[in-house]
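A predicted structure for the sequence below; I have some questions about it.
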Amino acid sequence: MAEAMNNKTSLVFKVTRQAPEFITPAQPTPYEVKLLSDIDDQAGLRMHVPGIQFYRAAPSMLGADPAKVIKEAVSKALVLFYPLAGRLREKEGGKLVVECTAEGVLFTEADAEVKLDEFSEAQLHPPIPCMDELLFDVPGYDGVLNSPILLIQVTRLKCGGFILTHKINHAMSDGTGLAQFLNAVGELARGADFLSVDPVWKRDLVSARDPPQVSCVHREYEQVPDIPLGDDLVHKPFFFGPTEISALRRSLPAHLKSSSTFEILTAVIWRSRTIALQIQPNDEVRARIYVNARHKFKNPPLPSGYYGNVIATPNVISTAGSLTRNPIGYALELVKTVKGQVNEEYMKSLADFMVLNGRPRYTRAHTFSISDVTRLNLNLFDFGWGPPVQGGPARGWLGGPTPGYGSFYLASKNRKGENGILVPMYLPPFAMERFEKEINGYLNDPVSEHPICSPRSYGSGLTFGVGVKEVYV
């Protein structure tokens, strides 16, 4: 049975911020102009991505100021990660470089009149109450070019805990790269003299060949007209714990039961969303899957400290009619096939494609983007107060400037303490009811007895206008 959770709109609190400042490297660093890779500087990554971690008070840190501790550790980390203290510039042909100016990252400290225990489990996940105050957009410093690459805010809570928020320019690093930097900050904050993994630049390892040789098909960048979802979207998060995943797996044919949780969830959500939106049968629909390709490189392998973008976003494509009329095994086979095509040659071809085609944007028409961040360990960063109670992206969608074009898979727990995956969904009101019915149809238990999502589990649906202010640029 799904459990009752507090309404996400019920928590409002005051945040008092101090004037923002720049954290510069603790020691002199080289002045250089470094090329980003041809994966880094594609148009679809020219944005800021926000994240958040919640921390409880720790008796061992009594009297310590988390803002001061983190600020000093960031300054030390920037000595090795010194490109993060620079500014991105655009050169001829749209090529991005980072000018290592040591100007620093933007830092804000704040105090909130709220205790951590006042947040319900649901409120530790997007949409997070007062998010615009917990990660403030400092006017004049929100551009992709010629602006701080990283913004950080530490907000102290009345209980002695704190909230860490951050916003990184995606062209500089992917989620794995950001996690490496925050882990380094944590190690230095806890007194380490050396990092367990030193940062490595070497963006040439993920750049185009000379001459470029596009050897794979990259339909994720087809330039077709966008198809908007509408003016208002309803938000509902769906929790998939061990019971739900087992039920989904039971619905599969025998030869597909060993598929990964990511593959199964992606197939089910993509198919159910397509049915819910009632897309015309002959229209193409896509699932864009984000694949971390670091371990695909063999000749030579990427260094473990490489913190640039090494992600592929292949599209799983079908007509809406074929996807919805066929059993779930059809969608799952497509997902597995496309995911399996990402290898070293695919990534090299992708870099070549970017150079030859002007670094185009992603296709968005009838496309649903999916990024699994449960393996990034975004809830393990320890600055001396222990790992966070919860950590991950600060917003629940991806794939566009407004909700509805994609979702993260977020690590979460239910009230029983069972680990699971939370999938925030944004759909027009007319489609959300059908989507929930489709999802629950995969379960063997009656919907009334074991729903994946209900008003009792993570709160009733919240309505968002597409013009709602976002946390990132």
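All right, it came through fine.

check contacts around residue 268.
Residues counted as contacts of residue 268 (C-beta atoms under 8 Å, 6 or more residues apart in numbering) are 248, 328, 331, 439, 442. For every residue, glycine as well, the C-beta is placed using N, CA and C.

from memory the second one sits against residue 442, does it?
Yes - with contact defined as C-beta atoms under 8 Å, residue 328 counts as touching residue 442 (7.5 Å).

Overlap of the contact sets of the two?
In contact with both residue 328 and residue 442: 251, 268, using C-beta under 8 Å, 6+ apart.

what ranges do the helices span in the stretch 101-250 of the chain?
Here the stretch 101-250 of the chain has its helices, by DSSP state H, counting those that start in this stretch, at 131-134, 175-189, 242-250.

and the last one, what does it pack onto?
Yep, that's helix 242-250 we're talking about. If you count contacts as 3 or more C-beta pairs under 8 Å, 6 or more residues apart in numbering; DSSP states H and E, helix 242-250 packs onto helix 261-277, strand 419-427.

Could you dump the ones you listed into CSV and include mean pLDDT?
Listed next are the helices and strands packed on helix 242-250 as CSV, based on pLDDT from 0 to 100:
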stretch, mean pLDDT
helix 261-277, 97
strand 419-427, 94
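
returning to that earlier point: of all the helices of the stretch 101-250 of the chain, which lies closest to residue 85?
Residue 85 lies closest to helix 175-189 among the helices of the stretch 101-250 of the chain, at 11.4 Å (C-beta to C-beta).

Figure out how far that closest one is from the centre of its chain.
16 Å (C-alpha atoms, centre = their mean, to the nearest Å).

sorry, back to before: make JSON lines out of the helices and strands packed on helix 242-250 and add distance to residue 159.
Output for the helices and strands packed on helix 242-250, formatted as JSON lines (distance: least, C-beta to C-beta, whole Å):
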{"stretch": "helix 261-277", "distance to residue 159": "35"}
{"stretch": "strand 419-427", "distance to residue 159": "24"}
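
Residue 61: which of the ones you listed is closest?
Taking the helices and strands packed on helix 242-250 one by one with C-beta to C-beta, strand 419-427 is closest: 26.7 Å.

all strands for the stretch 51-200 of the chain, in order.
Taking DSSP state E, counting those that start in this stretch, the strands of the stretch 51-200 of the chain run over residues 87-90, 96-99, 105-112, 150-156, 162-169.

Looking at these, which one is packed in the most?
strand 162-169 (a mean of 26; mean count of other C-beta atoms under 10 Å).

Packing partners of that strand?
strand 48-55, helix 66-80, strand 150-156, helix 175-189.

what angle separates the third one from helix 66-80?
Relative orientation of strand 150-156 with respect to helix 66-80: 160 degrees, computed using axes from the mean of the first three to the mean of the last three C-alpha atoms, to 10 degrees.

Can you list the helices and strands that strand 150-156 packs against?
Using 3+ C-beta pairs under 8 Å, 6+ apart: strand 150-156 touches helix 66-80, strand 105-112, strand 162-169.

out of the ones you listed, nearest to residue 140?
Nearest to residue 140, of these and by C-beta to C-beta, is strand 105-112 at 10.3 Å.

Make JSON lines out of the strands of the stretch 51-200 of the chain and add mean pLDDT and distance to residue 303.
Shown next, in JSON lines, are the strands of the stretch 51-200 of the chain (pLDDT from 0 to 100; distance: least, C-beta to C-beta, whole Å):
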{"stretch": "strand 87-90", "mean pLDDT": "98", "distance to residue 303": "22"}
{"stretch": "strand 96-99", "mean pLDDT": "98", "distance to residue 303": "18"}
{"stretch": "strand 105-112", "mean pLDDT": "98", "distance to residue 303": "23"}
{"stretch": "strand 150-156", "mean pLDDT": "98", "distance to residue 303": "21"}
{"stretch": "strand 162-169", "mean pLDDT": "97", "distance to residue 303": "20"}
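
could these go into JSON lines alongside distance to residue 69?
JSON lines is the format used below for the strands of the stretch 51-200 of the chain (distance: least, C-beta to C-beta, whole Å):
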{"stretch": "strand 87-90", "distance to residue 69": "26"}
{"stretch": "strand 96-99", "distance to residue 69": "27"}
{"stretch": "strand 105-112", "distance to residue 69": "11"}
{"stretch": "strand 150-156", "distance to residue 69": "9"}
{"stretch": "strand 162-169", "distance to residue 69": "10"}
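
Which one of the ones you listed lies nearest to residue 131?
strand 162-169 (8.2 Å).

And the helices and strands packed on helix 242-250: which comes nearest residue 236?
Go through the helices and strands packed on helix 242-250 one by one with C-beta to C-beta and the one that ends up closest to residue 236 is strand 419-427, at 5.5 Å.

Ok, which of the helices and strands packed on strand 150-156 comes nearest residue 183?
Closest approach to residue 183 among the helices and strands packed on strand 150-156 (C-beta to C-beta): helix 66-80, 9.6 Å.

Can you lay out the contacts of residue 268 as TSV showing secondary structure, pLDDT and distance to residue 273?
Output for the contacts of residue 268, formatted as TSV (DSSP: H, G, I helix; E, B strand; the rest coil; pLDDT from 0 to 100; distance: C-beta to C-beta, whole Å):
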residue	secondary structure	pLDDT	distance to residue 273
248	helix	94	15
328	helix	95	13
331	helix	97	11
439	helix	93	10
442	coil	86	13
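
Out of the helices and strands packed on strand 150-156, the one nearest residue 355 is which?
Per C-beta to C-beta, nearest to residue 355 of these: strand 162-169, 20.8 Å.

farthest pair in the contacts of residue 268?
Farthest pair in those, by C-beta to C-beta: 331 and 439, 13.6 Å.

What separation do you get for the most centrally placed residue in the chain and residue 411?
Centroid check for the chain by C-alpha atoms, centre = their mean gives residue 393 as the closest residue, at 5.1 Å. Per C-beta to C-beta, to the nearest Å, residue 393 is found 11 Å from residue 411.

who touches both of the two?
373, 378.

which residues of this structure score low on pLDDT?
For the chain, the stretches with pLDDT under 70 are 1-9, 399-401, 443-473.

would JSON lines of the helices and strands packed on strand 150-156 with distance to residue 187 be doable?
Below are the helices and strands packed on strand 150-156 laid out as JSON lines (distance: least, C-beta to C-beta, whole Å):
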{"stretch": "helix 66-80", "distance to residue 187": "8"}
{"stretch": "strand 105-112", "distance to residue 187": "18"}
{"stretch": "strand 162-169", "distance to residue 187": "15"}
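
do you know which of the ones you listed lies nearest residue 308?
strand 162-169 (11.8 Å).

The stretch 251-400 of the chain: helices as residue ranges?
Using DSSP H, counting those that start in this stretch, the helices assigned to the stretch 251-400 of the chain run over residues 261-277, 320-325, 328-340, 344-356.
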